[in-house]
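Participant: This is a predicted model, with the sequence first.
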Amino acid sequence: KEFIASYNLLKAHENENKIKFSTPKEAAEYFVPLLSGVKDKEKFMVAFLDNGNNIIQTKTMSEGNISQAVVYPREILKEALACDCRAMILAHNHPGGANFPSNEDKALTQKLVNIFNPLEIKILDHIIVAGINHCSMAEKGYMPQAIDELASYEPIKIEDKNLLEENQSFNSELDEELEL
């Protein structure tokens, strides 16, 4: 009898401490503190959710350099199946400060929808964090709803084109100065 009472108390306590996402704003408020301080590299994270949109676990799936990160769909798939999630929220930072999804971010999200949709695992949102600001692809209407091509499990590079162009411009100017 004591065991059952302890178990019920533990389950009640566990339910009170679950983090649940009901809105894109709640998801952003969760990810901004995790990603806003990362200024030297892109970091890609996934929150794996149960049927009630409660977090089962959150994992960093990729860390890159200041302008790009390589995302391995196979690794996300392994984690999703291991924790038996029903939905996911993707998030990554833009160290360069761009507060909107790049074309690469949109393409990555579409590819992941192509992979997970047939498995009945929903991708609810992709949060872009730029400093203390954020952009929810779901709020902006950028989330793909359907499969557009066959799933591909090849690594996907996401990069900040603006930051790459700035670095190339800086390097050109540096080269010119060194020639003088």
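Facilitator: It's in.
Participant: which stretches of this structure form helices?
Facilitator: Ranges of helices in the chain, per DSSP state H, are 2-16, 24-35, 73-82, 103-116, 161-179.
Participant: Okay, now the unreliable bits of the protein?
Facilitator: 1-16, 148-153, 160-180 (pLDDT under 70).
Participant: rerun at 50
Facilitator: 13, 174 (pLDDT under 50).
Participant: Now do the contacts for the nearest residue to Thr109 once chain neighbours are set aside.
Facilitator: The shortest distance from Thr109 to any non-neighbouring residue, by CB to CB, 6 or more residues apart in numbering, is to His126 (4.8 Å). Where you see a C-beta, it was placed from the backbone N, CA and C, and this is true even at glycine. By CB atoms under 8 Å, 6 or more residues apart in numbering, the residues touching His126 are 89-92, 101, 105, 108-109, 136-138, 142-143.
Participant: Touching, Ser67 and Glu42? I think so.
Facilitator: Yes: counting by CB atoms under 8 Å, Ser67 touches Glu42, with 7.2 Å between them.
Participant: who has more neighbours, those two?
Facilitator: Neighbours were tallied for Ser67 and for Glu42 using other CB atoms under 10 Å; the higher tally belongs to Glu42 (25 against 20).
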